[in-house]
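*Asks:* predicted structure and sequence below. I'll ask about it afterward.
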Amino acid sequence: LSLIIVSTLIDYTAALRIQASDVPSLRRRWMLLSLASNLGMLGFFKYAGFFADSAVALANSLGGELSSTTLNVVLPVGISFFTFQTLSYTIDVYRGSLQARSDLLDVAVFVAFFPQLVAGPIVRASHFLPQLESPRLLSSVEWRAAVTLFFVGFFKKAVISDTIGTEVDKVFSDPSGFDALSTVLAVFGYAAQIYGDFSGYSDMAIAVAMMLGYSLGENFNFPYLSRSIDDFWRRWHISLSSWLRDYLYISLGGNRQGPWMTYRNLMLTMVLGGLWHGAGWNFVIWGALHGGALALTRWLRDDRPAPERVMTASTLRAIVSTLATFLFVCVCWIFFRAASFGDAWTVLTNFVLLDGDGPGQISRWVAVYLVAAAILHVASWRRTIAPLVERVPEPQYAAALGVSAAVVLALRPLGSSPFIYFQF
């Protein structure tokens, strides 16, 4: 909580000073103060141990004899999210696209708004602050839409993610101890688990904000139906990908400095985006794979003749490209989920070569859950469920919601499964 208070006070002051000054050097100094304080806190609490251990490992591999002191720093809940969120305020003021707020309470509410605070979406100041200019009224809340969205998020987390996750965790905790089919199910299962977990949290956060009269914006848009990797990043964790695009990729030069600099900027953006998720080389590899894929996609698109670029894709081509994109994303998830590079390599080889020979097996019911989840995903994408819910009369809707909640509570696994993105 002290970090949120310090970050709020620094950015509140920096934004006012930036707006009040016409001297470019002075504006830059206040902007650098905001960047240094926010990224400094994030770097210390999240990455100090990672960089120290990496430096020690490098020195020892070169013949040195070093040891690191373990600080045992507790990672503050939500620091990755509220750091990026408050930075959007000072950066937008510095760029002149947003007016600084003189009311400290407005800035404090924006930074510490609780529904999405610990795991996103990452809300922009330009989107949220204007909503504080008028009172929020209960009479204006779309209660059915909010309650339905909250329940959908709860279903994704409690039934799909947690149920599949118990089996997925078995394989990733001992990758060499399971057969090939279990490995394949675990990889596809983790894709469903992390989507159900994270999009489920986003749905519930957005729904709670709706109940309070605020809009947070969309964070997921059926990402596993993407036809390319750049399309995937327009649909997955939209608030992060758009933040990285607007505040990092464009700041590096974007696509304004020729193709090779564009590829470099894409790679740097995704590597840093991977490191944002966690202090580990597996996250760096995950980001590098996505960065390389984005650069390759960009190169192929730029190198392709113009007439072919505008052709309408056939149904078969759309299916193939969607499946190829999904498989690539699943391969990348292996590095995201595995506890070490060695575990990731074992899972990857077993998944690709289908040669897992361990004695263990996970429940084949995972396949049923995956098929059911895929059907629900496509049905929701085709907008076949929402219209039915909207047409149900109020008493029947309330009864159906109560029965559905009881069924979900009966189906969910016993015990508590924390949200995956709480660790970031």
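*Replies:* Yep, it's here.
*Asks:* need the longest helix for the protein.
*Replies:* Longest helix in the chain by number of residues (criterion: DSSP state H): helix 180-211.
*Asks:* what is that helix packed up against?
*Replies:* Using 3 or more CB pairs under 8 Å, 6 or more residues apart in numbering; DSSP states H and E as the contact test, the elements touching helix 180-211 are helix 143-155, helix 162-173, helix 315-337, helix 341-353, helix 365-381. For every residue, glycine as well, the C-beta is placed using N, CA and C.
*Asks:* let's have those helices in a markdown table, adding distance to residue 78 and mean neighbour count.
*Replies:* Below are the helices and strands packed on helix 180-211 laid out as a markdown table (distance: least, CB to CB, whole Å; neighbours: other CB atoms under 10 Å):
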| stretch | distance to residue 78 | mean neighbour count |
| --- | --- | --- |
| helix 143-155 | 18 | 18 |
| helix 162-173 | 21 | 21 |
| helix 315-337 | 19 | 17 |
| helix 341-353 | 27 | 18 |
| helix 365-381 | 27 | 15 |
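*Asks:* can the ones you listed go into JSON lines with extra columns for distance to residue 104 and mean pLDDT?
*Replies:* Shown next, in JSON lines, are these (distance: least, CB to CB, whole Å; pLDDT from 0 to 100):
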{"stretch": "helix 143-155", "distance to residue 104": "29", "mean pLDDT": "89"}
{"stretch": "helix 162-173", "distance to residue 104": "40", "mean pLDDT": "90"}
{"stretch": "helix 315-337", "distance to residue 104": "38", "mean pLDDT": "93"}
{"stretch": "helix 341-353", "distance to residue 104": "46", "mean pLDDT": "91"}
{"stretch": "helix 365-381", "distance to residue 104": "41", "mean pLDDT": "84"}
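*Asks:* include distance to residue 57 when you put the ones you listed into a markdown table, please.
*Replies:* What follows is those, written out as a markdown table (distance: least, CB to CB, whole Å):
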| stretch | distance to residue 57 |
| --- | --- |
| helix 143-155 | 40 |
| helix 162-173 | 23 |
| helix 315-337 | 18 |
| helix 341-353 | 12 |
| helix 365-381 | 36 |
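*Asks:* give me the distance from stretch 390-405 to the chain's centre.
*Replies:* Relative to its chain's centre, stretch 390-405 lies at 31 Å (CA atoms, centre = their mean, to the nearest Å).
*Asks:* sorry, back to before: tell me which residues in the longest helix of the chain are buried?
*Replies:* 181-211 (16 or more other CB atoms under 10 Å).
*Asks:* next secondary structure after that helix?
*Replies:* Sequence order places helix 229-233 as the next helix or strand after helix 180-211, per DSSP states H and E.
*Asks:* that following helix - contacts with which helices or strands?
*Replies:* If contacts are counted by 3+ CB pairs under 8 Å, 6+ apart, helix 229-233 sits against helix 281-303, helix 315-337.
*Asks:* and residue 29, which of the ones you listed is closest to it?
*Replies:* helix 281-303 (30.9 Å; CB to CB).
*Asks:* on that earlier part again, now the longest helix of the chain: mean pLDDT?
*Replies:* What helix 180-211 shows for mean pLDDT is 93.
*Asks:* sorry, back to before: ok, which of the helices and strands packed on helix 229-233 comes nearest residue 170?
*Replies:* Here helix 315-337 is closest among those (CB to CB), at 12.5 Å.
*Asks:* which residues are contacting the closest one?
*Replies:* 168, 172, 187-188, 190-191, 194, 223-229, 231-232, 277, 282-283, 285-286, 289-290, 293, 313, 341, 344, 347-348, 351-352 (CB atoms under 8 Å, 6 or more residues apart in numbering).
*Asks:* go with 6 Å
*Replies:* Outside helix 315-337, the residues that touch it by CB atoms under 6 Å, 6 or more residues apart in numbering are 172, 187, 190-191, 224, 226-228, 232, 282, 285-286, 289, 344, 347-348.
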